[in-house]
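# this is a predicted model, with the sequence first.
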Amino acid sequence: MDVSRVRFLGAGTALAAFGPALLTPFVAAAAEADESDVKTLNVLAAFERAAIKAYQAGAGTGLLSPGVLTVAKGFLADHTAHRDALVAAVKAAGQTPGTDTTKVDYPELKTQADVLKFAEGLERGAATAYLGVIPTFKDRDLARLTASILAIETTHVTTLAAALQEQTAYKLFVS
């Protein structure tokens with residue numbers, strides 16, 4: 001990986017790192033959430049748990065260069081912040097947060113590119129999930145705040161796609 005790509009990836013992580021500070025309003029918005037909104041928050045938290053687990057596994061492979069590992073740890077921190085905000089929102093709604101983790105099928109990871117492709121697919125799936133649930137929220141503040149997580153997920157997708165040099169326009173759209 002050349003130095004310019006590492007700098008680009010680092011910039012993507014720095015941009016994504018601003019997201020967690022924007023999530024604290026989830027707690028206030030969720031205090032009035034109805035049951036369907038709380039269920040959606042729990043489903044999203046299960047996705048975030050899967051992402052945390054996947055990034056931990058990817059980081060533990062020993063396949064990632066130091067620069068890529070730094071980015072992976074940044075993305076892991078983002079997913080941890082997302083999970084924590086979603087769980088706090090469920091609690092603020094007076095409900096018990098779920099503990100489920102979305103099931104993920106792990107491919108064989110033999111190279112750094114394999115890890116990056118796997119992560120890009122997971123991030124694309126997360127972005128698709130967030131995009132799909134935003135219109136279902138009855139509480140528009142929760143929809144808006146969920147959109148802030150979507151923005152971070154799409155930053156992850158584009159950063160990983162660029163690292164993989166898969167910058168074809170159709171690949172940069174969430175499917």
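Nice, I can see it.

# quick one, longest helix in the chain?
Ranked by residue count under DSSP state H, the longest helix found in the chain is helix 66-92.

# pLDDT of that helix, averaged?
Averaging pLDDT along helix 66-92 yields 92.

# in this protein, which spans are helices?
Remark: helices assigned in the chain by DSSP H are 3-17, 19-22, 25-30, 35-59, 66-92, 112-133, 140-163.

# lowest-confidence stretch among those helices?
Among the helices of the chain, helix 3-17 scores lowest, with a mean of 39.

# can you get me a residue count around residue 65?
By the criterion of other Cβ atoms under 10 Å, residue 65 has 11 neighbours. C-beta here means a position set from N, CA and C on the backbone, and glycine is covered the same way.

# give me the pLDDT for residue 107.
According to the per-residue confidence, residue 107 scores 95 in pLDDT.

# mind listing what it touches?
Residue 107 is in contact with 114, 118, counting by Cβ atoms under 8 Å, 6 or more residues apart in numbering.

# at 10 Å instead, please
114-115, 117-118, 121 (Cβ atoms under 10 Å, 6 or more residues apart in numbering).

# how much space between residue 124 and residue 88?
Separation of residue 124 from residue 88 (Cβ to Cβ, to the nearest Å) stands at 26 Å.

# compare the two (neighbour count), which wins?
Set residue 124 next to residue 88 and count neighbours by other Cβ under 10 Å: residue 124 wins out with 21 against 18.

# could you find the closest non-adjacent residue to residue 72?
Counting by Cβ to Cβ, 6 or more residues apart in numbering, the nearest residue to residue 72 once its immediate chain neighbours are dropped is residue 59, at 5.1 Å.

# quick one: distance of stretch 95-105 to the chain centre.
On the basis of Cα atoms, centre = their mean, to the nearest Å, stretch 95-105 is displaced by 14 Å from the centre of the chain it belongs to.

# measure it end to end?
One end of stretch 95-105 sits 30 Å from the other (Cα to Cα, to the nearest Å).

# what does it contact?
The set of residues that contact stretch 95-105 without belonging to it, under Cβ under 10 Å, 6+ apart, is 30, 33, 35, 38-39, 41-54, 57, 83, 86-91, 118, 121-122, 125-126, 129.

# apply 6 Å and report the result again.
When contacts are taken as Cβ atoms under 6 Å, 6 or more residues apart in numbering, the neighbours of stretch 95-105 outside the stretch itself are 38, 42, 46-47, 49-50, 54, 87, 90.
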